[in-house]
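In: coordinates only, sequence not included:
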């Protein structure tokens, strides 16, 4: 597993909890603030700060000692992972937890454990007649269920655990495809109109899908704006800036060529050419 989501009374405490669970230093992770928390009144309505900490890609550092010409390779140690038996046990626990939650909600549903797209995923597939109620608006109810199951079944101090995914009728795949299509469509709109396009109220998971869909387009930049779990996402056209950079580079190359023509060495080289 290469990321965790943790809570704390403050953002700093939530980050410290993430570092403790991942077993790495602060410079080895990137932080996405999911919620800044909220102070309640007389102890009521308090909400903890919540962050998503993701491991940076393992880097291999090559250093050159003074006494030997051969490089020394220093690899960053990986965090401890669960065994196959522990992962299977956690999957069963998560399945039981989700089944109990659905039962208490009055939902007639069954839960199956599926193999995820990644090795560090436990996918819980819900089967029921009223899928729309469990999915909610833009998947918010499904995200809430996933959060509850993760908090109850996935809590494990001192080691890593797989990512628990709650899905129903392949909603996750359909949602990803829809967001990718939207991202490409709005990216083309931003480039065509040369104006920044704003996408409102996306969860952190949805924003990551949009960022990934446009990250290979050199004419587009994306960034998140605002506070809280549901931030705005900006799709910014970079066409004019890149054209200016290319024009400057071409002008600089022309200037160098013109200056070389007037040099004596350049003239002699031209006269000696066959």
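Out: That came through fine. Predicted model only: the values in this text are computed from it and were never measured.
In: alpha carbons only for contacts and neighbour counts from here, please
Out: Will do.
In: what segments of the stretch 51-200 of the chain are strands?
Out: For the stretch 51-200 of the chain, the strands defined by DSSP state E, counting those that start in this stretch cover 60-63, 72-75, 109-115, 121-128, 163-168, 197-202.
In: and those as CSV, adding distance to residue 91, mean neighbour count and mean pLDDT?
Out: As requested, those are exported to CSV (distance: least, CA to CA, whole Å; neighbours: other CA atoms under 10 Å; pLDDT from 0 to 100):
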stretch, distance to residue 91, mean neighbour count, mean pLDDT
strand 60-63, 33, 11, 40
strand 72-75, 31, 11, 50
strand 109-115, 7, 15, 87
strand 121-128, 6, 20, 90
strand 163-168, 8, 22, 89
strand 197-202, 28, 16, 85
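In: in CSV: those, plus distance to residue 134.
Out: Output for these, formatted as CSV (distance: least, CA to CA, whole Å):
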stretch, distance to residue 134
strand 60-63, 44
strand 72-75, 44
strand 109-115, 10
strand 121-128, 9
strand 163-168, 8
strand 197-202, 19
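In: mind checking those strands for the one nearest to residue 54?
Out: strand 163-168 (12.3 Å; CA to CA).
In: what packs against that closest one?
Out: strand 121-128, helix 140-153 (3 or more CA pairs under 8 Å, 6 or more residues apart in numbering; DSSP states H and E).
In: same thing but at 10 Å, please
Out: The contact analysis (3 or more CA pairs under 10 Å, 6 or more residues apart in numbering; DSSP states H and E) places strand 163-168 against strand 3-8, helix 84-104, strand 109-115, strand 121-128, helix 131-135, helix 140-153, helix 171-193.
In: distance to residue 18 added to these, as TSV?
Out: Converted to TSV, these look like this (distance: least, CA to CA, whole Å):
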stretch	distance to residue 18
strand 3-8	6
helix 84-104	20
strand 109-115	26
strand 121-128	18
helix 131-135	28
helix 140-153	14
helix 171-193	25
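In: for residue 234, which of these is the nearest?
Out: helix 171-193 (10.0 Å).
In: for that closest one, what is the average pLDDT?
Out: Averaged over helix 171-193, pLDDT sits at 92.
In: many thanks, we can stop here.
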